[in-house]
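Colleague: could you work out the structure for the sequence below:
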Amino acid sequence: MTEQEAIDLLENLLVRKSHLYNDEVLRNLLTELEYLPLAITQAAAYINTNKSSISEYLRLLKNTEQDAVAILSTDFGDKTRYPTLTNAIAKTWTITFNKILEHDPLAADLLAFISCIEWKAIPYSILPAAHSEARLAGAVGALCS
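Modeller: Presented below is the predicted three-dimensional model:
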């Protein structure tokens, strides 16, 4: 989704349009949400339900991992989505991570490690050790597929 499409989506979803007048905070939020429509929709539902501001939501999202998980796991009764779709972001992430953990524990370990560092251009040399180079390559391949 482009930046403008993300802005338009958020604008359509927010009840209080006054939240949209701080371009820097708005762009920071959309960057943090990686322009993902589902994440933007969930953010708007949180902001609307809690009568929060974009700045406050962004602060909570960046504050701690526990706050981010709590925000993404809470159902805010968003009237714009189907009633059976709840907590989609947290559920999707949890299901995916648990499946990776089940099928390739080393890949899950790598994912946990990578989540703590800059995610771009990670050299193999800093990845946690594996029993063999082939095993490490297989775990990396599993994450890349």
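
Colleague: not counting its neighbours along the chain, what's nearest A142?
Modeller: A107 (4.4 Å; C-beta to C-beta, 6 or more residues apart in numbering). Placement of C-beta: from N, CA and C, glycine included.

Colleague: how far away is that neighbour from E11?
Modeller: In this structure, A107 and E11 are 39 Å apart, going by C-beta to C-beta, to the nearest Å.

Colleague: more neighbours: the two, which one.
Modeller: A107 (20 against 13; other C-beta atoms under 10 Å).

Colleague: host element of that one?
Modeller: helix 105-114 (DSSP states H and E).

Colleague: lowest-pLDDT helix or strand in the chain?
Modeller: The weakest-scoring helix or strand in the chain, judged by mean pLDDT, DSSP states H and E, is helix 65-73 (a mean of 65).

Colleague: please report the distance of the residue nearest to the spatial centre of the chain from E5.
Modeller: The central residue of the chain, meaning the one whose C-alpha is nearest the mean C-alpha position (C-alpha atoms, centre = their mean), is L33 at 5.9 Å. In this structure, L33 and E5 are separated by 13 Å, where distance is defined by C-beta to C-beta.
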